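Chemist: using only what follows, build the 3D model:
(one chain, ligands or ions: 1)
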Amino acid sequence: MTTMMHTFESGAELALALATAVADKLSEAVAEKGTASIAVSGGSTPKGFFRALSEKPIDWEKVAITLVDERFVPEDNPRSNHKLVKENLLVGPAAAARFIPLYQAVNTAEEAAEIVTNKVSAASLPFDVVVLGMGTDGHTASFFPGGDTLGKALDMSTPAGVMAMHAEGAGEARLTFTFSSLENAGLLVLHVEGAEKKEVLEKALDGNDEAEMPIRAVLKRATSPVDIYWAP
Ligand SMILES: O=C(O)[C@H](O)[C@@H](O)[C@H](O)[C@H](O)COP(=O)(O)O
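Modeler: Residues are numbered from 1 along each chain as shown. Model prediction:
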């Protein structure tokens, strides 16, 4: 496991730097293979980063954007990560990108996971960029402590794809890419902000129990180096 800490004075400064690093990686991928792919996280932290990235003048028509994870709610639900991305990232130049939603209008998260897994062909993995967040409980993506499919989601032998996850701390049912889908991204970023999350991160780095803090799977076992972006 290799982690690199990038510390900034403010969230605004972090957003600009992360947007530049991500845009450079996406442009590099487009130059190399004609396409690029990125999986982003939801929640409250990434808004500034999304806004900064959306303004980057790259070849967005050749970029596929999807979500690391999603709440099992329709796009018009305030809890939807699709809604968050649509309002903050798929704007300006980045509106030309292709977005692949995880939510499907079916009865269960399990059915939706199967549909999306079939859509995200092996050809589009590994992702060129993955941007993860982290909760104060040490979850990332929808790898929540106590999650009903956490062991399978973190198991490297689980085929790449999307799984359903139910956990007390998750709220509604979740859809999440597996660890095996995310851990070998060309650029693997963990974006966290604030003093509390810095303490959570230090605790995660200081232990090995992934069931207690699933973020540890990323920090300790990811094939790709983990670029940690932090601001107060
Ligand atoms: O759907 C989600 O909630 C995210 O993908 C999740 O993994 C997020 O990154 C963390 O919960 C941190 O969220 P905040 O940025 O809101 O603290």
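
Chemist: how close does the nearest residue to Trp60 once chain neighbours are set aside get to Val189?
Modeler: Here the nearest residue to Trp60 in space, its sequence neighbours aside, is Ala96; by Cβ to Cβ, 6 or more residues apart in numbering that works out to 4.0 Å. (Each C-beta comes from the backbone N, C-alpha and C, glycine too.) Counting by Cβ to Cβ, to the nearest Å, the gap from Ala96 to Val189 is 23 Å.

Chemist: so between these two, which is more surrounded?
Modeler: Set side by side, Ala96 and Val189 show unequal neighbour counts under other Cβ atoms under 10 Å, the larger going to Val189 at 24 against 13.

Chemist: need the contact partners of the longest helix seen in the chain.
Modeler: With secondary structure taken from DSSP state H, the chain has its longest helix at helix 11-33. Contact partners of helix 11-33, identified using Cβ atoms under 8 Å, 6 or more residues apart in numbering, comprise 6, 8, 35-38, 48-49, 51-53, 55-56, 58-59, 62-63, 128-129, 131, 186-187, 189, 191, 193, 227, 229-231.

Chemist: which of those fall in helices?
Modeler: Short answer: the contacts of helix 11-33 in helices (DSSP H) are Gly48, Phe49, Arg51, Ala52, Leu53.

Chemist: mind checking the SS state of Ala211?
Modeler: Three-state call for Ala211 (DSSP: H, G, I helix; E, B strand; the rest coil): coil.

Chemist: wouldn't it be in contact with Pro145 here?
Modeler: Yes: counting by Cβ atoms under 8 Å, Ala211 does reach Pro145; the two are 6.7 Å apart.

Chemist: who has more neighbours out of those two?
Modeler: Of the pair Ala211 and Pro145, Pro145 is the one with more neighbours under other Cβ under 10 Å, namely 19 against 13.

Chemist: find the nearest non-adjacent residue to that one, please.
Modeler: With sequence-adjacent residues excluded and distances taken as Cβ to Cβ, 6+ apart, Pro145 is closest to Asp137, at 5.7 Å.

Chemist: in this structure that neighbour contacts Gly147, no?
Modeler: No: contact between Asp137 and Gly147 fails when scored by Cβ under 8 Å: they sit 10.8 Å apart.

Chemist: returning to that earlier point: neighbours around the residue nearest to Pro145, how many?
Modeler: The criterion is other Cβ under 10 Å. On that basis, Asp137 has 17 neighbouring residues.
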